[in-house]
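In: Task: produce atomic coordinates for the following.
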Amino acid sequence: MPPHDISRPDVDDGHDGDGLGLGDGGAFSSRTEAEQALRAELAAAWAEASRYRTCFELSGSGQALVSLDGIMQKVNRRLCEILGRPAEDIVGRHFQEITHPGDAGDDLTQFAALLAGRIRHYQLDKRYVRGDDGRVVWCTLTVSLRCDELGRPLEVISVIDDIDERRRMNEELRASEAMLQEVGRHLPSALTVYKRYPDGRDGTAYSSPRLRELFEIPPDDLRNPTDIVRDLIAPELRPALDQEVRRSAHTMTEMQLDFPVTLPRSGERWMTVRSSPRREADGSMAWYGVVTDITERKLIERRLRERDTLLRSLGRNVPGAIYKLTAGPEGQPLLKYISERAADLYELAPEQLSKDWALHYSRVHPDDLPAIQRLGMEAMRPDATLAPVRYEYRVVLPTKGLRWLGGQAEPQQEADGSIAWYGYTADITEHKLYQAALVSAEAADSANRAKSEFLSRMSHELRTPLNAVIGFAQLLRLDRSHPMDTEQRQRVDLIEQAGAHLLAMIGDVLDLSRIEAGSLPLSMEAVQLDRLARDATSLISEVARGSEIHLLPPEVHPALHVWADLVRLRQVLVNLLSNAVKYNRPGGTVQVRAWPEGTQVRLSVTDTGVGLSPAQQQHLFEPFNRLGAESSAVEGTGIGLVIVRRLIELMQGQVSVVSERGQGSTFTIELPLAGAPPALDDALIPASTNRPPSDDARTATLLYAEDNAVNVSLVEQVVSLRPEWSLTVASSGRLALALARDLQPDLLLLDMHLGDMTGFEVANELDKDDALARIPRVALSADAMPDQIHAARLRGFQDYLTKPLDVLALLDCLDRQRDALPPA
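Out: Got it, this is the predicted structure:
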């Protein structure tokens, strides 16, 4: 019997009027027992129904009895609350009337299957429409079919639970998880939950997608991320990481791990884990944290360490102190950093100076202290000009005494708006001494320039009269129309020897002056020593024969070359050979040898002369010191060996001497070895005064510009030795230009210091006229300075002859110019 049909039975204890209660006693007894049993059964049934009604009404779930045609028959209080309707608004309605239209189809399908016996019960989540506010509420519907003893359906029992709040919470949870996933996907770090369980297991309980990106985990690798990451860590690092996990679990403090991993694509990367522990309800220990790639930070830290190491290394090794100064609370200079070399500058430890920068003032010279203190205070002022400052001052140190310090500092605005001065201070004592020496050197250079100008003028003034002395002596020797007797020839020889000695002395003095002034140019090349030795020996051979000295053949391999200036090395070798002959004894020998030693070549001149004592050798290379030979008949200036040594040193070589008194001397030159150059030109051979007659009968014209009558007379007599030349003389530069236009000479011999014009000025005028610019020009001057000769060649002079005039050199010049003329 359904609950709503159960009612308490009404039992009557009296007897009806038919007199049945007066029957026999046995029958009456049986009937009474039956009635009592019935009453007990009915009472039990009523109690059961009462309990069922109470459970139905007080159930926490909504309940309804539904007829087989879907009509709501009875509902409890909770269902009314869920649907927001009173019972009378529900009972009598078809369940579809209160169902959300979107869910009606599923419910009807399941209800039909239930009635058809295909299912015994069903459950689904569906929506209902509340009656009070029309709001949709989600419920879980559980439906069962009640049948009689024969299995025939009687009615449907529905249980309805309000899941609206649960669904809302689930939706919020899903939304939160979705947001967490989305945030995790865009965070540079990965979110993780790492767990260690009571049974010893561990693993990642949760991780954002970023974790797989950080560790380059492929999609098909389904292992726990903890196992994957552990494999990426070097085995030797794992114990330290486990130790940090145990420490965090024991102390319940944050876990911090920085560790390198080797990734499949990116190679070595650095990761950091920051997580906090929490004990879970299941007894596990969970760490909630983030994993971040800190490779860039590690690189920056490494660069900072390298920069710090470099800064400290520089601070230890640079010859000065690096520092940083800022303003203190009261505007006083506050030292933030100073390198180790400060101890050398102030003889105070850097730590002392960092504590109290004012300590260094105790080292500053009293005369410089006010200015340095004023400079420091002005730099610390808030309104100070942000411009670099330079400074120099003296300090007085306990051990080093007086020293000069100097440096500079530049201001820089810091992030907090304050001004910091970054500077450098060094010991500039040597620089100050150098400056003083430089001033002295400039004064010396000025004196040298004055000396050079004096020597140039003196050379010019001496060469002009020597030009006449030596030139006419040469003409007397060459004059075949007036041959000299023996006595006359001896006198001419003495004139020539004296002139040559004076000329050599002038040349030596000029060379020494140019070397000391650093103005002697060198043309470095590979010089063949064999040919040079033979040429130098040949040049000195006539003098050697006159002194009865035997010149032995040079011992030099033809392939041996040195790196040197050919002209200057010939000058050095001739000087050494000349000395070897001059200071030798009759019947003595002189020989040149050369041999390689590693990357150097040794060139020696050995004689069997009087030799040098140890005392003489100590003063051998002193200017104008002839070591006692000035009292002998041997001529000399005392500067030849000085020039030899200076020239060899300019060519990156050195000179040494081995000598024994009475046994002779060996002078040795050491120069860099060089490879063989192209074949050298033949050595210059003095021109002969006699020249075969030319096939060309045309007479060449020589225009000579000279304002000195003696020089004109000398040149006239030299030119007379070449009858194929006619000579015209111009006594001034202006006249020379006019004659050049009229005569169009084949050669212009031009003195460089005429009364009205210099040789360069005459050349400038010639170059303005195309016809005159083609005239070959040769300079003839007493100015034998190399820079003058070089300048003349740059201005188009074919040759530069110096006074005293070398007659043979002029004749050779005339012959070469004559040969270069086109045929008549």
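In: any idea how far Gln663 lies from Gln617?
Out: Here Gln663 is placed at a distance of 13 Å from Gln617 (Cβ to Cβ, to the nearest Å). For every residue, glycine as well, the C-beta is placed using N, CA and C.
In: out of the two, which sits in the busier spot?
Out: Gln617 (16 against 13; other Cβ atoms under 10 Å).
In: For Ala773, see how far away Glu306 is.
Out: In this structure, Glu306 and Ala773 are 68 Å apart, going by Cβ to Cβ.
In: any idea where the strands of the stretch 651-800 of the chain begin and end?
Out: 654-660, 664-674, 700-705, 725-730, 747-751, 777-781, 799-802 (DSSP state E, counting those that start in this stretch).
In: Ok, which of those strands comes nearest Leu257?
Out: strand 664-674 (65.1 Å; Cβ to Cβ).
In: Which strands border that closest one, and is each parallel or antiparallel?
Out: Strand pairing for strand 664-674, using DSSP bridges, gives strand 561-565 (antiparallel), strand 600-607 (antiparallel), strand 654-660 (antiparallel).
In: With mean pLDDT, mean neighbour count and distance to Asp221 as extra columns, can I get the ones you listed in a markdown table?
Out: Output for the strands paired with strand 664-674, formatted as a markdown table (pLDDT from 0 to 100; neighbours: other Cβ atoms under 10 Å; distance: least, Cβ to Cβ, whole Å):
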| stretch | mean pLDDT | mean neighbour count | distance to Asp221 |
| --- | --- | --- | --- |
| strand 561-565 | 91 | 23 | 72 |
| strand 600-607 | 94 | 21 | 72 |
| strand 654-660 | 91 | 15 | 77 |
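In: Show me what the nearest residue to Arg297 once chain neighbours are set aside bridges to in the sheet.
Out: Spatial nearest neighbour of Arg297, excluding adjacent residues (Cβ to Cβ, 6 or more residues apart in numbering): Trp270 at 7.6 Å. Counting by DSSP bridges, Trp270 forms beta bridges with Pro260.
In: separation between Trp270 and Ile648?
Out: 64 Å.
In: next one: Ala112
Out: 127 Å.
In: Compare the two (neighbour count), which wins?
Out: Legend: neighbour count by other Cβ under 10 Å for Ala112 and Ile648, higher for Ile648 (20 against 12).
In: Now that one. Nearest residue, chain neighbours left out?
Out: Val655 (5.0 Å).
In: What segments of the stretch 451-600 of the chain are strands?
Out: Using DSSP E, counting those that start in this stretch, strands in the stretch 451-600 of the chain cover 524-528, 550-551, 561-565, 589-597, 600-607.
In: Buried residues in the longest one, which are they?
Out: Think strand 589-597. 589-594 (16 or more other Cβ atoms under 10 Å).
In: Neighbours of Pro723, how many?
Out: Pro723 is flanked by 10 other residues according to other Cβ under 10 Å.
In: Now do it against Leu805, distance only.
Out: In terms of Cβ to Cβ, Pro723 sits 20 Å off from Leu805.
In: Val395 too?
Out: 66 Å.
In: Same check on Thr486?
Out: As for Thr486, its distance to Leu805 is 26 Å (criterion: Cβ to Cβ).
In: what does Glu378 give?
Out: Glu378 is 73 Å from Leu805, by Cβ to Cβ.
In: Give me the more crowded residue out of the two.
Out: The neighbour comparison of Glu378 against Leu805 (other Cβ under 10 Å) goes to Leu805, with 22 against 12.
In: wait, what's in contact with the more buried one?
Out: Residues in contact with Leu805, defined by Cβ atoms under 8 Å, 6 or more residues apart in numbering, are 467, 470-471, 711, 714-715, 718, 780.
In: List just the nearest of the residues you listed to Pro101.
Out: Using Cβ to Cβ, these come closest to Pro101 at Leu780, 131.1 Å.
In: Check the closest residue to the closest one other than its chain neighbours and give its pLDDT.
Out: In this structure, Leu780 finds its nearest non-sequential neighbour in Leu801, 4.8 Å apart by Cβ to Cβ, 6+ apart. According to the prediction, Leu801 has pLDDT 90.
In: Quick check: Leu801 touching Ala809?
Out: Yes. Between Leu801 and Ala809 there is a contact under Cβ atoms under 8 Å: 5.9 Å.
In: if I look at Asp787, how far off is Asp344?
Out: Relative to Asp344, and taking Cβ to Cβ, Asp787 is found at 47 Å.
In: Then Lys803?
Out: Taking Cβ to Cβ as the measure, Lys803 falls 62 Å from Asp344.
In: out of these two, which sits in the busier spot?
Out: Neighbour totals were compared for Lys803 and Asp344, and Lys803 leads with 26 against 15 (other Cβ under 10 Å).
In: any idea how far Leu810 is from that one?
Out: 11 Å.
In: on that earlier part again, residue contacts, the residue nearest to Leu780?
Out: Each residue near Leu801 by Cβ under 8 Å, 6+ apart is listed here: 778-781, 809-810, 813.
In: do Val718 as well
Out: Shown in contact with Val718 (Cβ under 8 Å, 6+ apart): 471, 475, 805, 807, 810-811.
In: Ok, Ala705 next?
Out: So Ala705 contacts 729-733, 735-736, 748-751, 754, 762 (Cβ under 8 Å, 6+ apart).
In: Please repeat the previous calculation with a cut-off of 7 Å.
Out: 730, 733, 736, 750-751, 754, 762 (Cβ atoms under 7 Å, 6 or more residues apart in numbering).
In: export these to CSV and tack on distance to Arg491, neighbour count and pLDDT?
Out: Listed next are these as CSV, based on distance: Cβ to Cβ, whole Å; neighbours: other Cβ atoms under 10 Å; pLDDT from 0 to 100:
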residue, distance to Arg491, neighbour count, pLDDT
Ala730, 35, 24, 88
Gly733, 38, 21, 89
Ala736, 37, 28, 90
Leu750, 34, 27, 92
Asp751, 29, 25, 90
Leu754, 34, 22, 88
Val762, 39, 25, 92
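In: Kindly list the main-chain dihedrals of Gly283?
Out: phi 90, psi -10 (degrees, to the nearest 10).
In: nearest residue to it other than its sequence neighbours?
Out: Nearest to Gly283 is Pro198, by Cβ to Cβ, 6+ apart, at 4.5 Å.
In: Helix, strand, or coil at the one you found?
Out: Secondary structure, DSSP: H, G, I helix; E, B strand; the rest coil: Pro198 is coil.
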